[in-house]
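> Attaching a predicted model along with its sequence, questions to come.
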Amino acid sequence: MMQFCVLGSGSGGNATIVKTGDTVLLVDAGFSAARLRERMRYAGVEPDDLDAILLTHEHADHMKGVHQFTRKHAVRVYATRHTALCVQEKAPEAPWTYFEKGQSFKIGDIVITPFPTYHDAVDPVGFKFETEQSSLGFISDTGQAPGCVAEYLSMVDSLVVESNYDPEMLAATPKRPWPLKQRIASGHGHLSNEQACDLLRRVAHNALKNVVLAHLSAESNSPALAESLMRATLHDMGLGSTSLFCAMQDSSLPWIRVC
């Protein structure tokens, strides 16, 4: 049985545990090492239980804790070569394994397929996690999700998808300078609520069990708005029984069974 727990998600830090009975993975390590340990233990996972850390990209809110965490805990970090070269400057002691986008690899009993995303990072990726019984799609920090991305997420049992901003709230907020607003809404920025819904329309199927909305902006979005749009999309597709969750910055979600 594969399950996952979003420890926290947002511009202040991102981390998610994916585990089976035999394998425990941490996707991104965007909190301090102390905060990572605290949230992991709250979820019932000891830091030394980790088999690997997987990085989506090199921005601080996804790799902040790598250096201090790996100094204390012997866990290998997986990333693309270009991402690793960026992070290695800040985490020179971490043991690294490189992967290539589009090429699956296995850690324990989980098959991981990294796929390209579109963000202003050196080599960003999303992930598809598969066991013999279930599959989980994970996509965050991408300004677009074209067909080549949707293909990787097609028919997953559960989906973690970025739903970062509402365009009207982004335009109106005084807390974001205009160049940053342009970056967020660009093809190499973040997915809006409607873009997340559009992606779901292209990958959903009758057996989709869970959708988790991730990386919500505190200034340019609201959980109620993001959830209402996605719930309406699920309803329109006849997927009223699909469970919908909204990941938060300051608290962890409960464990979610992939299927």
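In hand now; what should we look at? Computed from a predicted model, the values in this text were never measured in an experiment.
> Tell me the buried residues in stretch 133-146?
Residues Ser134, Ser135, Leu136, Gly137, Phe138, Ile139, Ser140, Asp141, Thr142, Gly143, Gln144, Ala145 are the ones in stretch 133-146 that count as buried (16 or more other CB atoms under 10 Å). Bear in mind the C-beta positions are built from the backbone N, C-alpha and C, glycine included.
> Revised request: answer the last question for stretch 212-220.
Neighbour-count burial for stretch 212-220 [16+ other CB under 10 Å]: Val212, Leu213, Ala214, His215, Leu216, Ser217, Ser220.
> returning to that earlier point: now the buried residues of stretch 133-146 as CSV including pLDDT?
Shown next, in CSV, are the buried residues of stretch 133-146 (pLDDT from 0 to 100):
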residue, pLDDT
Ser134, 98
Ser135, 98
Leu136, 98
Gly137, 98
Phe138, 98
Ile139, 98
Ser140, 94
Asp141, 97
Thr142, 98
Gly143, 98
Gln144, 98
Ala145, 97
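> Which two of these have the greatest separation?
Longest distance between any two of the buried residues of stretch 133-146 is 28.7 Å, between Ser134 and Gly143; criterion CB to CB.
> Can I get stretch 190-205 as CSV, trimmed to CA atoms?
Coordinates of each C-alpha in stretch 190-205 appear next as CSV, following Å, rounded to 0.1, in the frame of the first residue of the first chain:
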residue,chain,number,x,y,z
HIS,A,190,3.2,28.8,-11.5
LEU,A,191,-0.1,27.2,-12.3
SER,A,192,-3.2,29.2,-11.6
ASN,A,193,-6.3,27.6,-10.1
GLU,A,194,-8.0,27.4,-13.5
GLN,A,195,-4.8,25.9,-15.0
ALA,A,196,-4.8,23.2,-12.3
CYS,A,197,-8.5,22.5,-13.2
ASP,A,198,-7.6,22.3,-16.9
LEU,A,199,-4.9,19.8,-16.2
LEU,A,200,-7.3,17.7,-14.1
ARG,A,201,-9.8,17.6,-17.0
ARG,A,202,-7.1,16.1,-19.2
VAL,A,203,-5.8,13.4,-16.8
ALA,A,204,-8.8,12.5,-14.6
HIS,A,205,-10.6,9.1,-14.9
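> can you give me how far it is from the chain middle?
15 Å (CA atoms, centre = their mean, to the nearest Å).
> Can we start the residue count at 18 from this point?
Fine by me, first position is 18 from now on; the one you just mentioned is stretch 207-222.
> thinking again about what came up before, mind picking the two most distant members of the buried residues of stretch 229-237?
Farthest apart among those - using CB to CB - are Val229 and Ser237, which lie 19.2 Å from each other.
> measure His84 to Gly25 for me?
19 Å (CB to CB, to the nearest Å).
> the more surrounded of those two?
Taking other CB atoms under 10 Å, His84 and Gly25 do not tie; Gly25 has more neighbours (24 against 19).
> Make a markdown table out of the buried residues of stretch 150-163 and add secondary structure and distance to Ser258.
A markdown table is the format used below for the buried residues of stretch 150-163 (DSSP: H, G, I helix; E, B strand; the rest coil; distance: CB to CB, whole Å):
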| residue | secondary structure | distance to Ser258 |
| --- | --- | --- |
| Ser151 | coil | 17 |
| Ser152 | strand | 18 |
| Leu153 | strand | 18 |
| Gly154 | strand | 18 |
| Phe155 | strand | 22 |
| Ile156 | strand | 23 |
| Ser157 | coil | 25 |
| Asp158 | coil | 29 |
| Thr159 | coil | 27 |
| Gly160 | coil | 31 |
| Gln161 | coil | 29 |
| Ala162 | coil | 24 |
